[in-house]
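Participant: when you get a sec, could you give me coordinates for this:
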Amino acid sequence: MKKLLIFFIATLFLSCNDGDFDIPAFDFETEVTTCGEFVLYRTNQNKTEVIVLTLDNDVLGTEIGEESINLSSTATIIYRVFDEGIGSSYFCQDIPPTSPTVLKELNAEEGTIYITTSEGATSGYRYNIVINDLVFIDGKERISFTSFDFGELEIAD
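Facilitator: This next block holds a predicted model:
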């Protein structure tokens, strides 16, 4: 009996603890929302999680074909979790609002953005955006995607 008790105590002390690691769902609505032409984002259904792609002003062009862009100071991707849903004007304001509160923010450290430009359905252009080798790092957390389909955006002339 004594050996059995020692075994249970040892099991408790040596048991594995995965810590407080929250793996984000990355389950976003299909619609790509814009603020201007250079801040693109997608939210989850209750608008408490968002992935934001910020591009340089000449990236979404009028040339048909595919372009690749590495993440840099002019092309960034941020994942945020909020304490409550954001409004439609959240990213369009010059001064960020104090509410809702950002609970978590992950900045992408690696990734290549592929933008395929084609003619729009009626006028303008359609942009299909895929991000390959996307990596978010936040201290101990590392979240990576081989291929992340950011979505499709159509901008009229």
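Participant: spatially nearest residue to Val102 (excluding sequence neighbours)?
Facilitator: Distance criterion CB to CB, 6 or more residues apart in numbering; nearest residue to Val102, sequence neighbours excluded, is Arg80 at 5.5 Å. All C-beta spots, glycine's among them, are computed from the backbone N, C-alpha and C.
Participant: what's the following helix or strand after the helix or strand containing that neighbour?
Facilitator: Following DSSP states H and E, one finds Arg80 within strand 76-82. Note on strand 76-82: by DSSP H and E, the next helix or strand toward the C-terminus is strand 102-119.
Participant: other SSEs contacting the helix or strand following that following strand?
Facilitator: Sequence-wise, the next helix or strand downstream of strand 102-119 (DSSP H and E) is strand 125-138. In terms of contacts (3 or more CB pairs under 8 Å, 6 or more residues apart in numbering; DSSP states H and E), strand 125-138 is packed against strand 76-82, strand 102-119, strand 141-155.
Participant: partners of the shortest one in the sheet?
Facilitator: Spelled out, it's strand 76-82. Under the criterion DSSP bridges, strand 76-82 sits next to strand 49-54 (antiparallel), strand 102-119 (antiparallel) in its sheet.
Participant: can I get the ones you listed in JSON lines with mean pLDDT and mean neighbour count?
Facilitator: Converted to JSON lines, the strands paired with strand 76-82 look like this (pLDDT from 0 to 100; neighbours: other CB atoms under 10 Å):
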{"stretch": "strand 49-54", "mean pLDDT": "96", "mean neighbour count": "22"}
{"stretch": "strand 102-119", "mean pLDDT": "94", "mean neighbour count": "16"}
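Participant: wait, Gly120 touches Leu153, no?
Facilitator: No - using CB atoms under 8 Å, Gly120 makes no contact with Leu153, being 10.0 Å away.
Participant: between the strands paired with strand 76-82, which gets nearest to Cys35?
Facilitator: Distance to Cys35, taken as CB to CB, is lowest for strand 49-54 among the strands paired with strand 76-82, at 9.2 Å.
Participant: can I get the CA coordinates of the closest one in PDB?
Facilitator: C-alpha atoms of strand 49-54 as PDB (Å, rounded to 0.1, in the frame of the first residue of the first chain):
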ATOM      1  CA  GLU A  49     -11.100  38.200 -33.000                       C
ATOM      2  CA  VAL A  50      -9.600  39.900 -36.000                       C
ATOM      3  CA  ILE A  51      -6.700  39.400 -38.500                       C
ATOM      4  CA  VAL A  52      -5.500  42.600 -40.100                       C
ATOM      5  CA  LEU A  53      -3.400  43.000 -43.200                       C
ATOM      6  CA  THR A  54      -1.800  46.400 -43.800                       C
END
